[in-house]
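Enquirer: Structure of the sequence below:
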Amino acid sequence: MNPSLAAIPALAAVALLAVILAGCTGPGEPGPSIEVTPTPNVTVTTSPSPPNPALPGSATSVVDANNRFALDLYGRIADDPKAGDGNIFFSPFSISSALAITYEGARGTTAEEIRSVFHFPENQTVMRSGFAGIISGINSKANAYMLRTANALWAEQTYPFLAGYISAAEQHYGAKTTNLDFINKPEESRVTINTWVEDLTEDRIKDLLQPGTIDPLTRLVITNAIYFKGTWMKQFDQNKTTDADFRTGTGKTVRVRMMERTDEDAIYGYAETDILQALSMPYESGDGKDLSMLVLLPKIDDI
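Expert: Residues are numbered from 1 along each chain as shown. Okay, here's the model as predicted:
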């Protein structure tokens, strides 16, 4: 029987995991809702973007694993009655990369459950190379947008972590280890970690770890932070933003602010199936092919 996603919290006994996601948009971008209707005035294309030559072939396996995990987790969150009609916002790659570091130190049943939940490749070399390539690719971009991700290990200075584990975390996941005095200075350690988070997210996230989160029993904290700031390749006219109906996943209709583009130079990737419409919207990046938002619009309420 495959382990459920609910099995992951058991890892808290081994390490405190903190995943941090922050982002902001550039000027002239109203609201998150987008209304794009294919018309003769809008150029659409279904041609796939060419693969990034900078990424190793092993990255494909990790990307596939991350996408599968993302859909699994989204389904679990969306089905949670507590989610209601609220927005769901998370970074699957942040969670996967942080748990990949945890997986490096896991053995037996624990390792198998992590691998199954996150769909990690069975070949460790492929997995390590894939994560390293993706992380390097994300952090190498420095054109018209800002996108970066970082992992870090915060270790109790007296605990004998294996040198091989510390080395693997840094070599394959870019996670440097900082030794802290959790036993005698838990509060100071918490502040140190929070400062790292604030720096990586341009002060968008403050006080991630609340007082009491770190205590003398803490031995390892694994953090991942991801930050994005960008602007659309083709800006939306704020004067065309209007109120419109939007149907939520539960079938409820609400009024939201909708952006709109209908001019002929709005080039988007578009595809349609029996159950959904898909739209790829590029961000400004120098050549317009590096980064885009993929919007999926279901034709049915429960997809």
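Enquirer: which other residues reach the helix of greatest length in the chain?
Expert: When the chain is parsed with DSSP state H, its longest helix is helix 59-79. The contact list for helix 59-79, computed with CB atoms under 8 Å, 6 or more residues apart in numbering, reads 5, 83, 88, 90, 92-93, 95-96, 117-121, 126-127, 129-131, 133-134, 137, 249. Yep, even glycine has a C-beta here, placed from its N, CA and C like the rest.
Enquirer: Show me these that map onto strands.
Expert: Among these, the subset assigned to strands under DSSP state E is empty.
Enquirer: Buried among those residues? Make that a PyMOL selection.
Expert: This is the PyMOL syntax for the buried subset of those, where burial follows 16 or more other CB atoms under 10 Å:
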select buried, resi 92+93+95+96+117+118+119+120+121+126+127+129+130+131+133+134+137
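Enquirer: out of the contacts of helix 59-79, which are inside helices?
Expert: Per DSSP H, the contacts of helix 59-79 map to helices at 92-93, 95-96, 117-118, 126-127, 129-131, 133-134, 137.
Enquirer: Widest-spaced pair of the residues you listed?
Expert: 117 and 137 (24.3 Å; CB to CB).
Enquirer: burial count for residue 294?
Expert: By other CB atoms under 10 Å, 9 other residues sit near residue 294.
Enquirer: For it, which three-state class applies?
Expert: Following DSSP: H, G, I helix; E, B strand; the rest coil, we place residue 294 in the strand state.
Enquirer: from what I can see it touches residue 282, true?
Expert: No. Using CB atoms under 8 Å, residue 294 makes no contact with residue 282, being 10.6 Å away.
Enquirer: Tell me the spacing between the residue nearest to residue 118 when sequence neighbours are not counted and residue 228.
Expert: Leaving out its chain neighbours, the residue that sits closest to residue 118 by CB to CB, 6 or more residues apart in numbering is residue 69, at 5.0 Å. Separation of residue 69 from residue 228 (CB to CB, to the nearest Å): 20 Å.
Enquirer: and the gap between the residue most central in space within the chain and residue 194?
Expert: Nearest residue to the geometric centre of the chain (CA atoms, centre = their mean): residue 91, 2.1 Å. Relative to residue 194, residue 91 is positioned 19 Å away (CB to CB).
Enquirer: quick one: buried residues of stretch 204-215?
Expert: 204, 205, 208, 209, 213, 214.
Enquirer: Helix, strand or coil: sort out the residue lying closest to the fifth one once chain neighbours are set aside for me.
Expert: What sits nearest to residue 213 in space, not counting adjacent residues and going by CB to CB, 6+ apart, is residue 190, at 6.1 Å. Residue 190 carries the three-state label helix when classified by three-state DSSP.
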